[in-house]
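**Q** have a look; sequence and predicted model below, questions after that.
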Amino acid sequence: MPMKQDPQGGGTNADGSKNEIYCSYCYQNGEFAFNGIVTEFQEFCHHKMVDSGHNRFMAWLFTRGMKRLERWKYK
């Protein structure tokens, strides 16, 4: 999720400070919120985007590149 669209302005580190890399859906209290596989998280994000008003194609397009993000490189 683009940080400017994150309702909380980003995730939080373990010390409570804002994390500027990961959104609040991904990163909370210094830990990743989702520990499953990337395809499951893509589906979760796709549904969140559609529920927030994005059309299905754009939601699909934006979630396809997730597997290349730093978060998933070592999974």
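**A** Looks like it came in fine. Computed from a predicted model, the values in this text were never measured in an experiment.
**Q** can you give me phi and psi for the residue nearest the centre of the chain?
**A** Centroid check for the chain by CA atoms, centre = their mean gives Cys26 as the closest residue, at 4.5 Å. In terms of degrees, to the nearest 10, the main-chain angles of Cys26 are phi -90, psi -40.
**Q** can you give me the helices in this structure?
**A** Here the chain has its helices, by DSSP state H, at 38-51, 56-63.
**Q** any chance of these in TSV, with mean pLDDT too?
**A** Formatted as TSV, the helices of the chain follow (pLDDT from 0 to 100):
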stretch	mean pLDDT
helix 38-51	90
helix 56-63	92
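**Q** and the residue nearest to the centre of the chain, what does it touch?
**A** Met1, Gly11, Phe32, Ala33, Phe34, Arg71 (CB atoms under 8 Å, 6 or more residues apart in numbering). In short, each C-beta sits where N, CA and C put it, glycine included.
**Q** closest to Phe44 out of the residues you listed?
**A** Of all the contacts of Cys26, Phe34 has the smallest distance to Phe44: 7.0 Å, by CB to CB.
**Q** hang on, isn't that closest one packed against Gln42?
**A** No. Counting by CB atoms under 8 Å, Phe34 stays clear of Gln42, with 10.5 Å between them.
**Q** what residues are up against Tyr25?
**A** So Tyr25 contacts Met1, Asp6, Gly11, Ala33, Cys45, Lys48 (CB under 8 Å, 6+ apart).
**Q** compare these and tell me which is most surrounded.
**A** Most neighbours among the contacts of Tyr25, by other CB atoms under 10 Å: Gly11, with 23 neighbours.
**Q** how about low-confidence regions in this structure?
**A** 1, 74-75 (pLDDT under 70).
**Q** and it, what are its domains?
**A** The record assigns the chain these domain ranges, following automatic domain parsing: 1-33, 35-75.
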